[in-house]
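Visitor: coordinates only, sequence not included:
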């Protein structure tokens, strides 16, 4: 099975998350062919040069070859490259697993938080993600909050479930 890991890759935090995810996925699913863009030095060694067309060609080729997309939604907003990869991949009608680990998802049933939001829209204790991107993911897959659930869903989708 071929998979594509979409996430930002420019901050130390993003790179560490990508390394962790790739390590855990490869350990749990031996033989998976996991493409991680930050591992592609031909386009992502920032001491070298790759123009926008080279980057687009390389990543589009890997998206087209992939059976599944793993997309990280964490951060202030969904990374623009990740959003583009989700959009492109959705046209292939293949499974998308999105990892959204933001702790502000907790307490959704806390009535005090809900009341505060109703009384004052600026007292939002929750999170927002672009609903178009979320809708595309839900049409083609799932949104999970742990690495373990990412792995379970890769296994599930690889079996055609």
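Guide: Here it is on my side, so go on. On a predicted model such as this, the values are computed, not experimentally measured, just so you know.

Visitor: how about the strands of the chain, start to end?
Guide: Counting by DSSP state E, the chain has strands at residues 2-6, 33-35, 68-72, 96-99, 141-144.

Visitor: of those, give the one that comes closest to residue 157.
Guide: Taking C-beta to C-beta, strand 68-72 is the member of the strands of the chain nearest to residue 157, at 5.7 Å. The way it works is simple: take the backbone N, C-alpha and C, and place the C-beta from them, glycine included.

Visitor: contacting residues around that closest one?
Guide: 1-8, 14, 17-18, 21, 25, 63, 79, 82, 85-86, 89, 94-100, 137, 141, 150, 154, 157-158 (C-beta atoms under 8 Å, 6 or more residues apart in numbering).

Visitor: re earlier: mind putting the strands of the chain in JSON lines, distance to residue 121, mean pLDDT and mean neighbour count included?
Guide: JSON lines is the format used below for the strands of the chain (distance: least, C-beta to C-beta, whole Å; pLDDT from 0 to 100; neighbours: other C-beta atoms under 10 Å):
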{"stretch": "strand 2-6", "distance to residue 121": "31", "mean pLDDT": "98", "mean neighbour count": "24"}
{"stretch": "strand 33-35", "distance to residue 121": "41", "mean pLDDT": "97", "mean neighbour count": "18"}
{"stretch": "strand 68-72", "distance to residue 121": "28", "mean pLDDT": "98", "mean neighbour count": "24"}
{"stretch": "strand 96-99", "distance to residue 121": "26", "mean pLDDT": "98", "mean neighbour count": "25"}
{"stretch": "strand 141-144", "distance to residue 121": "24", "mean pLDDT": "97", "mean neighbour count": "19"}
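
Visitor: want to throw those strands into a markdown table with distance to residue 117?
Guide: As requested, the strands of the chain are exported to a markdown table (distance: least, C-beta to C-beta, whole Å):
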| stretch | distance to residue 117 |
| --- | --- |
| strand 2-6 | 30 |
| strand 33-35 | 39 |
| strand 68-72 | 26 |
| strand 96-99 | 24 |
| strand 141-144 | 21 |
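
Visitor: relative to residue 118, which of those is closest?
Guide: strand 141-144 (24.8 Å).

Visitor: parallel or antiparallel, list what pairs with that closest one.
Guide: In the sheet, strand 141-144 lines up against strand 96-99 (parallel) (DSSP bridges).

Visitor: circling back: to residue 116, which of the strands of the chain lies closest?
Guide: Here strand 141-144 is closest among the strands of the chain (C-beta to C-beta), at 24.7 Å.

Visitor: could you point out the longest helix in this structure?
Guide: helix 12-28 (DSSP state H).
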